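Student: for reference, the sequence and a predicted model appear below.
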Amino acid sequence: MRTEPAAPSAATPAPGTLAARTSALAAEAGTPHRRSPWPARTRAVLKHLGLIALAVVMIYPLIWLLASSIKPTEIIFRDLSLIPSELALTNYTEGWNALARPFGHYLMNSAIVVLGSLVGNLIACSMAAYAFARLEFRGRKLWFAIMLMSIMLPIHVIIVPQYILFAQVGWINTFWPLIVPKLLATDAFFVFLMVQFFRGIPRELDEAARLDGCGHGRIYARIMLPLALPALATTAIFTFIWTWNDFFSQLIFLTKPDMHTAPVALRTFLDSTGQSSWGPMFAMSIVSIIPVFLAFLFGQKYLVKGIATTGIK
């Protein structure tokens, strides 16, 4: 004898019906959620305390450097406290005039190198990025892949061929080895950053400009560059910070003391015989940090916006 399946009772709605879904939602809403054992205010306080602790750990070396710059040299490593027991504000005047030239001369050399690198990266990298993002040419994907792979090359691999090349053309002890490569879009990171930004700009703008008779040059100069200001600002800030803090390549190509930049000049305060001028060196280190700090302070908004809008997170 075959048994017929029991029909759903009136109290239990059939699965998949609107009544069943409504009953499930009502049951879920009536189920009490598990609450955290910590109140929201306590969690927020603990989170902020953790962030403050991490900030202190990160900023402690800079605070110690600032405190050491106003201590006498003989007590810098004997008194590790952040509040100096003795003040030696003369470290700044001694450090400024301790080398063959006033320290402002080396800051000016760094400014020349940074300015040339800024102009080179902004112009060359943006033009290369426009070509990869908008132009159709044979081998574009291959060259783009080669450009990306060049990011993985450390500078130590290419510094010897560069030195031989620049020595043959007589550019050693000039600023040209530090500026000319920037004019050739050798910083692949910035090319990639701007390519990502240009790809996010609608192509309809290009087509409208072509209908008005614009070529690639006018499209690049009048449409792409004004819209790419966040990416250009990010490139400018990173170029400024990286070039200003560069030590290795400037030490290789600038051997004459008059051509030294600020990072290389700071190295001359150290003496292998143990007679290092720590106090003046720390004081001039603080002076050298000020331009980088100001660049990041005033460009932080554009830096975050440029990175966020290029898909590099």
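Tutor: Structure received. Note that the structure is predicted; figures quoted are calculated from it, not measured.

Student: need the three-state assignment for residue 264.
Tutor: Following DSSP: H, G, I helix; E, B strand; the rest coil, the label given to residue 264 is helix.

Student: hang on, isn't it packed against residue 254?
Tutor: Yes. Taking contacts as C-beta atoms under 8 Å, residue 264 lies within contact range of residue 254: 6.3 Å. C-beta here means a position set from N, CA and C on the backbone, and glycine is covered the same way.

Student: count of neighbours near residue 212?
Tutor: Residue 212 has 8 neighbours, counted by other C-beta atoms under 10 Å.

Student: ok, now how distant is the residue positioned nearest the centre of the chain from residue 180?
Tutor: By C-alpha atoms, centre = their mean, the chain has its centre lying nearest to residue 238, at 4.6 Å. Using C-beta to C-beta, to the nearest Å, residue 238 is found at 19 Å from residue 180.

Student: swap in residue 91?
Tutor: Taking C-beta to C-beta as the measure, residue 91 falls 37 Å from residue 180.

Student: which of those two has more residues huddled nearby?
Tutor: Neighbours were counted for residue 91 and for residue 180 using other C-beta under 10 Å; residue 91 has more, 26 against 16.

Student: please report how far the more buried one lies from residue 76.
Tutor: According to C-beta to C-beta, residue 91 stands 10 Å off from residue 76.

Student: over to residue 185?
Tutor: Using C-beta to C-beta, residue 185 is found at 44 Å from residue 76.

Student: what does residue 219 give?
Tutor: 58 Å.

Student: show me what contacts the residue nearest to residue 97 when sequence neighbours are not counted?
Tutor: Nearest residue to residue 97, sequence neighbours excluded (C-beta to C-beta, 6 or more residues apart in numbering): residue 103, at 7.7 Å. Going by C-beta atoms under 8 Å, 6 or more residues apart in numbering, residue 103 touches 95, 96, 97, 262, 265, 284, 287.

Student: narrow those to just the buried residues.
Tutor: Among the contacts of residue 103, the ones that count as buried by 16 or more other C-beta atoms under 10 Å are 95, 262, 265, 284, 287.

Student: any idea of the pLDDT on the third one?
Tutor: With respect to pLDDT, residue 265 scores 92.

Student: need the contact list for it.
Tutor: With C-beta under 8 Å, 6+ apart, residue 265 has these contacts: 99, 103, 106, 284.

Student: the longest helix along the chain: which residues count as buried?
Tutor: As assigned by DSSP state H, the longest helix anywhere in the chain is helix 278-308. Neighbour-count burial for helix 278-308, with 16+ other C-beta under 10 Å as criterion, is recorded at 278-289, 291, 295, 299, 302-303, 306-307.

Student: what segments of the stretch 151-300 of the chain are helices?
Tutor: Secondary structure of the stretch 151-300 of the chain, counting by DSSP state H, counting those that start in this stretch: helices at 155-168, 176-179, 188-199, 204-211, 216-219, 225-227, 229-244, 248-253, 262-267, 278-308.

Student: ok, and what's touching stretch 290-300?
Tutor: Residues contacting stretch 290-300 (C-beta under 8 Å, 6+ apart): 107, 233, 236, 237, 240, 241, 244, 245, 303.

Student: ok now it, how far from the chain's centre?
Tutor: 12 Å (C-alpha atoms, centre = their mean, to the nearest Å).

Student: nearest to residue 62, of the contacts of residue 103?
Tutor: Closest approach between the contacts of residue 103 and residue 62, by C-beta to C-beta: residue 287, at 13.5 Å.

Student: does the closest one really touch residue 92, like I thought?
Tutor: Yes. With contact defined as C-beta under 8 Å, residue 287 reaches residue 92; the gap is 7.5 Å.

Student: tell me which two of the buried ones among the contacts of residue 103 sit farthest apart.
Tutor: Spatial extent of the buried ones among the contacts of residue 103 (C-beta to C-beta) is set by the pair 95 and 262 at 11.7 Å.

Student: what touches both of these two?
Tutor: Residues touching both residue 95 and residue 262 (C-beta under 8 Å, 6+ apart): 103, 284.

Student: low-confidence regions, the stretch 1-150 of the chain specifically.
Tutor: Per-residue confidence for the stretch 1-150 of the chain (pLDDT under 70) gives these ranges: 1-38.

Student: and residue 244, how many neighbours?
Tutor: Per other C-beta under 10 Å, the neighbour tally for residue 244 reads 21.

Student: I'd guessed it sits against residue 110; true?
Tutor: Yes. Counting by C-beta under 8 Å, residue 244 touches residue 110, with 5.8 Å between them.

Student: same list, the helices of the stretch 151-300 of the chain, but as JSON lines with distance to residue 85 please.
Tutor: Listed next are those as JSON lines, based on distance: least, C-beta to C-beta, whole Å:
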{"stretch": "helix 155-168", "distance to residue 85": "43"}
{"stretch": "helix 176-179", "distance to residue 85": "42"}
{"stretch": "helix 188-199", "distance to residue 85": "46"}
{"stretch": "helix 204-211", "distance to residue 85": "64"}
{"stretch": "helix 216-219", "distance to residue 85": "65"}
{"stretch": "helix 225-227", "distance to residue 85": "55"}
{"stretch": "helix 229-244", "distance to residue 85": "33"}
{"stretch": "helix 248-253", "distance to residue 85": "36"}
{"stretch": "helix 262-267", "distance to residue 85": "26"}
{"stretch": "helix 278-308", "distance to residue 85": "14"}
